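S.K.: What shape does this take:
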Amino acid sequence: KDQLGVFNKDYFNYYLNQYNLSEKELVKINKDLLINNLFLQALNINNYAPQTITENILKKRDTVRRAIIYEFDSSGILFQDKINDEDIKKKYQEVKNTLLTPEKRSISIIKIDRISLSKEINIDEKKVRDFYESNIDFYSSKETRTIYQPIFQSENKAKDFVQKINNGHNFFKILKESNIEKEKILLKNVEKIDLPEDIGKEVFSLKKGQITNIYKSAFGYKLLFVDNINNNSKKSFKDVKKSIIKDFTKEELSNKLYNTANIIFERYLETKDLELSLNNTKVIRNDFQDVSLNELNYIYDEVDIGINKDELSKYIFNLKIKELSDSIEDKNNDIYFIYLNKIKEEKIKSFKEAKNEVVDIIYKEKRNKLAKIEAEKFLLLTKSNSHLNYKNKIFKSVETDWLSLDNRTEDKTDLQLKQIIFNNNLGQF
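M.R.: Prediction:
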């Protein structure tokens, strides 16, 4: 589906090609998922399953098997005989509806030129200074202090602690002797307003290394020790001028980018003419001819567009001829438009274009036929238990590890092979 949730055939085909799926395979996958989901929902809704069903489900889930896989791989076989043109033409008629040239689109990617727009920006110094003076608090820092606040269970213990400090003992040494972890009582960058008024007034009147009086609190008796003083400061206009100009420039450039995008899109809505829409605007235009879903990578070599391939393909292949996309803003805040100039519809390849592909199809069918013949020979030998002596250069056998139907034991074995292994009886080919 496209971004509006509408089915898009081109994107659907791109999805199949990307994941190497056929429509039939995709339908089967979704069918199996739907059956499984409906079954699980039914169990959840009813909140009950007969004992027999439950036991069988658990038994199948918990069963593990090992198997020997016999493989007949003829992909490396080279045939000496040449295929004549009549046979090739006959096969071409059978398969030509599957031999299609991909739809191709010629587009223009228009990027708004931020470098050219930035050159138009001139920030007035008076505006910068006015901003600085109006926001002086932002460029100022108030005085803060780093303090330690030990709390004691009794007033006598607090007084003993203060007495030791007054006798010249080191604050941190006494903390350690009192079994108080300094990290747990540390308060960093405390402003005066962060403290109760009376405590804040005293703390901010002290010098570094001094302690306050003892205060009674809900948790006991506390005092505060001033470990460091960070004086108030103010950044000068000279210090912050470049930073303010940078912020103003960024904001102004952003406005110019959006205004340019709006002008282009509004003109297009009025005129439906790309050239008129881009007239007198600062843009970089890159034109790409014959873009197909499988050949998008080279666009990234020319345009540093910050969206992934899936998103890019949706924009390109959802447009109608002479249609301009909505503006696209990438992770770098660059703004783009995509314009569709023309479409080359998919078509059946001519015999000359498809001849090599048809030859490959014929040889592939011959290899598959050879593999099938050898597999049938081998199966016939199993009936007389003489298959153990079978040898062929396209044949090999592989013994699996223990397998479960889900991926709990391993996830390398193909699900279709697992189904065959679990649907067969033990000892059966």
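S.K.: could you pull out the strands for the stretch 51-200 of the chain?
M.R.: All strands of the stretch 51-200 of the chain, identified by DSSP state E, counting those that start in this stretch, fall at 68-72, 100-101, 104-112, 140-141, 144-148, 151-152, 186-190.
S.K.: For this protein, which residues score under the pLDDT cut-off?
M.R.: Applying pLDDT under 70 to the chain flags residues 1-23, 25-26, 28-62, 408.
S.K.: ok, longest helix in the protein?
M.R.: Ranked by number of residues, the top helix in the chain under DSSP state H is helix 237-271.
S.K.: So which other helices or strands are in contact with it?
M.R.: Secondary-structure packing of helix 237-271 (3 or more Cβ pairs under 8 Å, 6 or more residues apart in numbering; DSSP states H and E): strand 104-112, helix 114-119, helix 125-134, helix 274-278, strand 335-344. C-beta: built from backbone N, CA, C; applies to glycine.
S.K.: out of the ones you listed, nearest to residue 244?
M.R.: helix 125-134 (5.0 Å; Cβ to Cβ).
S.K.: and residue 121, how many residues sit next to it?
M.R.: Per other Cβ atoms under 10 Å, the neighbour tally for residue 121 reads 15.
S.K.: of all the strands of the stretch 51-200 of the chain, which lies closest to residue 262?
M.R.: Of all the strands of the stretch 51-200 of the chain, it is strand 104-112 that lies closest to residue 262, at 10.7 Å by Cβ to Cβ.
S.K.: by contact count, what packs against that closest one?
M.R.: Here strand 104-112 touches helix 237-271, strand 283-291, helix 309-317, strand 335-344, going by 3+ Cβ pairs under 8 Å, 6+ apart.
S.K.: buried residues in the longest helix of the chain?
M.R.: Across helix 237-271, burial judged by 16 or more other Cβ atoms under 10 Å covers 240, 244-245, 248, 252-253, 256-257, 260-261, 264-265, 267-268.
S.K.: Could you check the angle it makes with strand 283-291?
M.R.: For helix 237-271 against strand 283-291, the angle by axes from the mean of the first three to the mean of the last three Cα atoms, to 10 degrees is 50 degrees.
S.K.: Figure out how far helix 237-271 is from the centre of its chain.
M.R.: From the chain centre to the centre of helix 237-271 is a distance of 29 Å (Cα atoms, centre = their mean, to the nearest Å).
S.K.: and the angle from that helix to strand 335-344?
M.R.: Inter-element angle recorded for helix 237-271 and strand 335-344: 30 degrees (by the same axes, to 10 degrees).
S.K.: could you dump the helices and strands packed on helix 237-271 to CSV with mean neighbour count and distance to residue 187?
M.R.: Formatted as CSV, the helices and strands packed on helix 237-271 follow (neighbours: other Cβ atoms under 10 Å; distance: least, Cβ to Cβ, whole Å):
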stretch, mean neighbour count, distance to residue 187
strand 104-112, 20, 51
helix 114-119, 14, 46
helix 125-134, 13, 32
helix 274-278, 16, 61
strand 335-344, 19, 48
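S.K.: Turn those into JSON lines, including distance to residue 370.
M.R.: Output for the helices and strands packed on helix 237-271, formatted as JSON lines (distance: least, Cβ to Cβ, whole Å):
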{"stretch": "strand 104-112", "distance to residue 370": "38"}
{"stretch": "helix 114-119", "distance to residue 370": "62"}
{"stretch": "helix 125-134", "distance to residue 370": "81"}
{"stretch": "helix 274-278", "distance to residue 370": "57"}
{"stretch": "strand 335-344", "distance to residue 370": "39"}
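S.K.: closest to residue 304 out of those?
M.R.: Nearest of those (Cβ to Cβ): strand 104-112, 8.6 Å.
S.K.: Buried ones in stretch 316-336, by neighbour count?
M.R.: Residues of stretch 316-336 classed as buried: 316, 317, 318, 319, 324, 325, 327, 328, 329, 334, 335, 336 (neighbour count, 16+ other Cβ under 10 Å).
S.K.: which one of these is nearest residue 79?
M.R.: Closest approach between the buried residues of stretch 316-336 and residue 79, by Cβ to Cβ: residue 317, at 39.5 Å.
S.K.: Let me know which of the helices and strands packed on strand 104-112 is the nearest to residue 384.
M.R.: helix 309-317 (55.2 Å).
S.K.: what about the closest one, distance to the chain center?
M.R.: The answer for helix 309-317 is 16 Å, by Cα atoms, centre = their mean.
S.K.: picking that back up, looking at the buried residues of stretch 316-336, which is nearest residue 108?
M.R.: The nearest member of the buried residues of stretch 316-336 to residue 108, counting by Cβ to Cβ, is residue 324 at 9.2 Å.
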